[in-house]
Structure formats: C-alpha cells, structure tokens
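Participant: Pasting the sequence and the predicted model now:
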Amino acid sequence: MINLSTRFTSAVNNLKSRDERKKRRAVRELFEFDDHNNLTSFIPLLDDKDPWYRTKAIDAFRTWSTRMDVLSLEPLIKHKNIEYNRVAANLLEKFAAKNTDLVKLLFSNDDSICKTKAAEFILRANDEQGFFEELIQLKNSRLKIIALQSKYSNRAVLVEALEDESTKVVEQSLVMLIQMEHKIEGEVIDSLTKRGVKLSLLIPYLVKHYPDKLVDSISNINKLETKILVDALQKQCEDISQEPIRSLISNKKHIIVGRWLQGKKGKDVDELRWNIIADDNVDEIERSRFIERLFSRCDEEEIIAKAEEVSRNSESELIRITAHNLSTAKDRGQT
C-alpha cells in the first residue's frame with residue numbers, strides 16, 4: 001500500500017505531467033489532502049493553457065490562502081490577468097490587515113473593484129493615516145466614502161465633507177454626523193436642502209433640531225418620506241403643543257398631522273382630529289380614513305356624538321356616509 005507521504009509527493013510531481021489523466025488526478029488528490037501548503041504547487045497552473053486547470057488554481061487560492069496571511073495572494077495580485085487581481089481583491093476581507101505594502105500594489109490597479117477592496121483593507125490596518133488623507137483628497141466619491149467610514153475619520157473631516165462636490169459623499173457624512181448627534185448649523189442644512197440631499201436623511205434631523213425649517217422642506221414630500229416623517233414625529237412629539245406639530249398644524253399639513261394622531265387619545269388631540277375631519281378643504285379620502293381609525297372607539301359617547309354631527313353637516317357624501325357608519329357601529333356590533 002502506498003503511504004500518504006508517497007501519494008502526496010507523487011501528486012505534486014504529476015501536476016507537471018504531460019499525461020492528462022495523471023495531471024487531473026493529481027489535482028483531485030491534492031484537494032483531498034486539503035493542506036494549505038499545497039497552494040504553491042498550484043501557482044504554475046494559473047498560466048496553464050487549459051481553463052480547467054486555471055479554474056482549479058483559483059479554487060486553491062480561495063480554499064487555502066485564507067488559512068495563511070495576505071502575502072499568500074501575491075501571485076494573484078502581481079499577475080497581469082485582471083480577473084486574478086479581482087479574485088485577490090475579493091479575498092482581502094478574510095485576512096488580518098497587515099502587509100499593506102503588497103495590497104497597495106493592488107490599489108494602484110485602475111480596476112474599481114481592486115481599488116475599493118484594497119482601500120477597505122488598508123484602512124483596517126494601523127498607521128495608515130497618510131493613506132487615509134490621500135483618499136480624502138481624491139475625486140473618486142466611492143473611495144472618499146470608504147475613507148469616511150474608516151477608523152481614521154473624525155467629526156472635523158465629516159463636517160468638511162458636507163461641502164464635497166459629490167452628493168453621495170455629502171449624504172454619507174450627514175448620516176455619520178447625525179449618528180454622532182452632531183449639531184449641524186442651520187445655514188448648512190439650508191444648503192444641503194438646496195443641493196438635493198435626500199430628504200429622507202434630513203427629515204428626522206429637522207424634526208429634532210430645526211422644526212422651523214420642516215414645513216418648507218416637505219413641500220414635495222413623497223410616500224416614503226411621509227412615512228419617515230410620521231415615524232420621526234411619533235418618536236419626538238408626544239402632544240400637539242410641541243413645535244413640529246404646531247408648525248404643521250398652522251401650515252395646514254393635515255394629512256401628516258392626522259397620521260401622527262393615530263392611536264392618540266385625549267381632549268386636545270380629539271378636538272384637532274375632528275377639526276380636520278370637518279374641514280372640507282382637506283382631501284375627503286384622507287378624512288374618511290381619519291374616521292375609519294375611530295371605529296375601535298365606537299362605544300364612546302363623545303365619538304358617537306361627533307360622528308353624528310359630521311354625518312349631518314359635511315358637504316362630502318363620502319364623509320357623511322363614513323361618519324354615519326361610525327355613529328351606528330356600536331349598534332351593529334362593529335368594533
């Protein structure tokens with residue numbers, strides 16, 4: 001019986017065999033041994049004429065290189081084949097961030113995948129402040145964002161990045177500053193709004209810090225932004241006396257206020273709710289929804305009385321019918 005050592009030596013030697021059958025069997029046997037030290041034996045196969053062997057060489061790097069250090073990727077990083085460079089780039093996240101000089105060779109590649117993956121790796125390493133500062137000065141917005149997300153970034157860098165020519169860079173900076181609970185100057189907020197920064201990012205910040213700027217910012221609000229706004233109001237505002245709600249009420253943003261009212265009870269909020277329902281200037285479908293949300297309270301005498309009043313006086317047939325249904329829901333056993 002042939003021992004394992006002999007089999008291994010034979011398999012390594014047969015990788016160079018001109019006998020196709022022996023060479024393919026050698027590849028399979030070396031994978032069966034599953035020893036990361038076998039990786040060097042597969043390096044010559046990167047340039048084999050047969051694509052099957054080239055594929056197996058890449059499989060060997062994917063299987064065994066991650067059990068070693070990043071220097072094991074050198075044959076891929078220095079290879080002229082861009083696909084091999086990309087394989088190395090995509091493996092970087094699995095390695096400890098050391099030996100960055102080799103990875104900087106990959107960063108020097110013009111390929112975007114190689115650049116971004118290499119940059120992420122290098123910025124995980126220590127003592128790379130200089131590399132971070134180089135990235136911040138580049139025109140490439142993707143690389144700037146990677147830099148801003150790294151451990152080398154700080155509040156001052158993020159504030160400066162709010163003036164970047166790339167909206168994506170500005171939005172990334174804004175997200176991170178908001179997470180830090182950094183107070184951004186009002187004029188900067190105005191500038192961001194004019195530049196077309198995503199309203200969905202600004203809304204929670206406006207509700208919390210600049211409710212006076214909220215109304216002007218939501219003139220063309222869409223469905224998703226409306227949901228974000230209502231969620232922010234629910235978190236920040238407990239009653240109608242708070243400035244964001246007062247501002248929305250005074251500017252007749254009844255649909256948003258009505259959605260904020262959902263689930264709330266009390267004399268003030270009920271009065272506001274009925275005032276909106278009775279206002280024929282507000283969209284009737286939206287007002288009918290306000291009424292429908294009160295069906296869970298159809299056993300309350302004040303709700304019944306108000307519903308009867310609206311069903312008699314509203315100019316909208318839809319509102320009259322919906323209010324009537326609310327006023328009689330208790331008798332019909334609908335709750």
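Facilitator: Ah, there it is.
Participant: Keeping just the C-alphas, turn stretch 140-160 into PDB.
Facilitator: Output in PDB follows, covering the C-alpha atoms of stretch 140-160 (Å, rounded to 0.1, in the frame of the first residue of the first chain):
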ATOM      1  CA  ASN A 140     -13.400  59.400  -6.600                       C
ATOM      2  CA  SER A 141     -16.600  59.600  -4.400                       C
ATOM      3  CA  ARG A 142     -16.600  55.800  -3.700                       C
ATOM      4  CA  LEU A 143     -13.100  55.900  -2.300                       C
ATOM      5  CA  LYS A 144     -13.900  59.000  -0.200                       C
ATOM      6  CA  ILE A 145     -16.900  57.300   1.300                       C
ATOM      7  CA  ILE A 146     -14.700  54.300   2.200                       C
ATOM      8  CA  ALA A 147     -12.300  56.700   3.900                       C
ATOM      9  CA  LEU A 148     -15.100  58.400   5.800                       C
ATOM     10  CA  GLN A 149     -16.400  55.100   7.100                       C
ATOM     11  CA  SER A 150     -12.900  54.100   8.400                       C
ATOM     12  CA  LYS A 151     -11.500  54.400  11.800                       C
ATOM     13  CA  TYR A 152      -9.300  57.300  10.700                       C
ATOM     14  CA  SER A 153     -12.300  59.500  10.100                       C
ATOM     15  CA  ASN A 154     -13.400  62.100  12.600                       C
ATOM     16  CA  ARG A 155     -16.000  64.800  13.200                       C
ATOM     17  CA  ALA A 156     -14.000  67.600  11.700                       C
ATOM     18  CA  VAL A 157     -13.400  65.600   8.500                       C
ATOM     19  CA  LEU A 158     -17.100  64.700   8.200                       C
ATOM     20  CA  VAL A 159     -18.100  68.400   8.700                       C
ATOM     21  CA  GLU A 160     -15.700  69.400   5.900                       C
END
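Participant: what bits of the protein have low per-residue confidence?
Facilitator: 1-8, 332-335 (pLDDT under 70).
Participant: Which SSE is immediately downstream of the helix or strand residue 10 falls within?
Facilitator: Element membership for residue 10 (DSSP states H and E) is helix 4-14. Sequence-wise, the next helix or strand downstream of helix 4-14 (DSSP H and E) is helix 20-33.
Participant: List the buried residues of that following helix.
Facilitator: 23, 24, 26, 27, 29, 30, 31 (16 or more other CB atoms under 10 Å). (Glycine included, C-beta is placed from N, CA and C.)
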